[in-house]
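Visitor: Have a look at this prediction, sequence included:
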Amino acid sequence: MTVEAATDLPIAAARATPKAPIIHPAWVRVTHWINALAMLMMIGSGWQIYDASPLFGFTFPMQIALGNWLAGALLWHFAAMWLLVINGIIYISLGILTGRFRRKLFPIRPREVVRDMVAALGGKLSHDDLSVYNAVQKLLYAGVILSGFVIVLSGLSIWKPVQFWWLTDFFGGYNTARYVHFAAMTAIVTFLAVHVLLTLIVPKSLRAMIFGR
């Protein structure tokens, strides 16, 4: 074997080594992080708005709220709303058009959800293949997308109860729409808490959402 041939071997081997497949394409990663920013802005400002007229016997500490006062919180909330809606339309449209939702999120079978939930609670749920969602992940992702629709629609009915009177009526009136809005927010915050916890348990999932692999 010549020196040139020996030198070419590592280069050829490197070229022959296949790259890891893409788990999350670029559009998923970009919309994911924009959505995360928008949701944090909406939740923080929403807590400040809630504090101005609480539904329950508690308020959120100002240290974790956004806006400092009601008017400031409303400005943050409306700015984040447009970011969330535009980004959400792009994400939902591409998810449907590319078939990603159909491949990743469906079908959701109750028996598989129970099985994977038991495995997760016992610490036996495998995360070897990040490109395949288990039944619990499917349920959580589908649920948070549904919660996103509910929180936007209920938010519109609260924001413009006269212009969107039919939407406000659909939610049972202005006051009921506020409770629906709060419930959807609670569902999203719960999802985020679980999502972050799973990221800490499986750090490679964060790497995949940053670099795609």
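Guide: Great, that's in hand.
Visitor: For His181, see how far away Ile188 is.
Guide: Using C-beta to C-beta, to the nearest Å, Ile188 is found at 11 Å from His181. In this view, the C-beta of every residue, glycine as well, is placed from N, C-alpha and C.
Visitor: more neighbours, the two?
Guide: More crowded of Ile188 and His181, by other C-beta atoms under 10 Å: His181, with 24 against 19.
Visitor: Skipping its backbone neighbours, what lies nearest that one in space?
Guide: Ser154 (4.2 Å; C-beta to C-beta, 6 or more residues apart in numbering).
Visitor: Which secondary structure element is home to that neighbour?
Guide: Using DSSP states H and E, Ser154 sits in helix 135-159.
Visitor: ok, residues contacting that helix?
Guide: 81, 84-85, 88, 92, 104-106, 108-109, 112-113, 115-117, 120, 125, 133, 164, 167-168, 170-171, 174, 177-178, 180-181, 184-185, 187-188, 191, 194-195 (C-beta atoms under 8 Å, 6 or more residues apart in numbering).
Visitor: Out of those, which end up buried?
Guide: 81, 84, 88, 104-105, 113, 116, 120, 125, 133, 164, 167-168, 171, 177-178, 180-181, 184-185, 187-188, 191 (16 or more other C-beta atoms under 10 Å).
Visitor: Out of the residues you listed, list just those in helices.
Guide: Those of the buried ones among the contacts of helix 135-159 mapping onto helices are 81, 84, 88, 104-105, 113, 116, 120, 167-168, 177-178, 180-181, 184-185, 187-188, 191, per DSSP state H.
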